[in-house]
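Asker: Build me a structure from this.
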Amino acid sequence: MKMLEWFEDVKKNPDFDKVGMILCHNGVVRGYSQTGERIRRMHLEVRRDLLNDLVSEMGKRPGIVEVRAWLNEGVLNVGDDIMYVLVAGDIRENVFSTLKEMVSRAKKEIIIEKELT
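Answerer: Take a look at the predicted model:
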């Protein structure tokens, strides 16, 4: 129940009165690749040092009060959780753009994945 715990923690942030929106992302292993091939499993490696840097960087963006991320590792099955991301901030524009960039950069810069077909 990591996301529910995060919600409660974020509400304890001393700057929570600045929050107008909390967005979450839960990425899961799909059963098919982007090219339509059946996926049985996925192998993930995570560059944890870069993840911490990215969370810190995203947390400094205008209007953002808090950013959290969790990434799974190892051999995952279809339907398993890959990534949780939470972004809390002031207005939609700031929160949506931060969540989008956080997820995109995590996929490109931090996760090393291999689809096992």
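Asker: if I look at the most centrally placed residue in the chain, how far off is Tyr32?
Answerer: Taking C-alpha atoms, centre = their mean, the centroid of the chain lies closest to Val85, which sits 2.8 Å from it. Here Val85 is placed at a distance of 23 Å from Tyr32 (C-beta to C-beta, to the nearest Å). C-beta here means a position set from N, CA and C on the backbone, and glycine is covered the same way.
Asker: ok, now Ile39?
Answerer: 6 Å.
Asker: Could you do Gly79 as well?
Answerer: When distances are taken as C-beta to C-beta, Gly79 and Tyr32 turn out to be 12 Å apart.
Asker: between those two, who's got more neighbours?
Answerer: For Gly79 and Tyr32, the more surrounded residue by other C-beta atoms under 10 Å is Tyr32, and the numbers stand at 12 against 9.
Asker: does the more buried one have beta-bridge partners, and which?
Answerer: Beta-bridge pairing of Tyr32 under DSSP bridges involves Arg38.
Asker: I figured it hits Val78, correct?
Answerer: No: in this structure, Tyr32 sits apart from Val78 without contact. The criterion is C-beta atoms under 8 Å, and the distance is 9.1 Å.
Asker: Find residues that contact each of these two.
Answerer: In the contact map built from C-beta atoms under 8 Å, 6 or more residues apart in numbering, the residues linked to both Tyr32 and Val78 are Ile39.
Asker: mind checking pLDDT for the nearest residue to Leu23 once chain neighbours are set aside?
Answerer: The spatial neighbour of Leu23 that comes closest, neighbours along the chain excluded (C-beta to C-beta, 6 or more residues apart in numbering), is Leu99 at 4.8 Å. The pLDDT attached to Leu99 in the predicted structure is 98.
Asker: host element of Leu99?
Answerer: Per DSSP states H and E: Leu99 is located in helix 92-105.
Asker: same deal with Val75?
Answerer: Val75 belongs to strand 74-77 when elements are defined using DSSP H and E.
Asker: what angle do the helix or strand that that strand is followed by and helix 92-105 make?
Answerer: If you walk from strand 74-77 toward the C-terminus, the next helix or strand you reach (DSSP H and E) is strand 81-89. Following axes from the mean of the first three to the mean of the last three C-alpha atoms, to 10 degrees, one obtains 150 degrees for the angle between strand 81-89 and helix 92-105.
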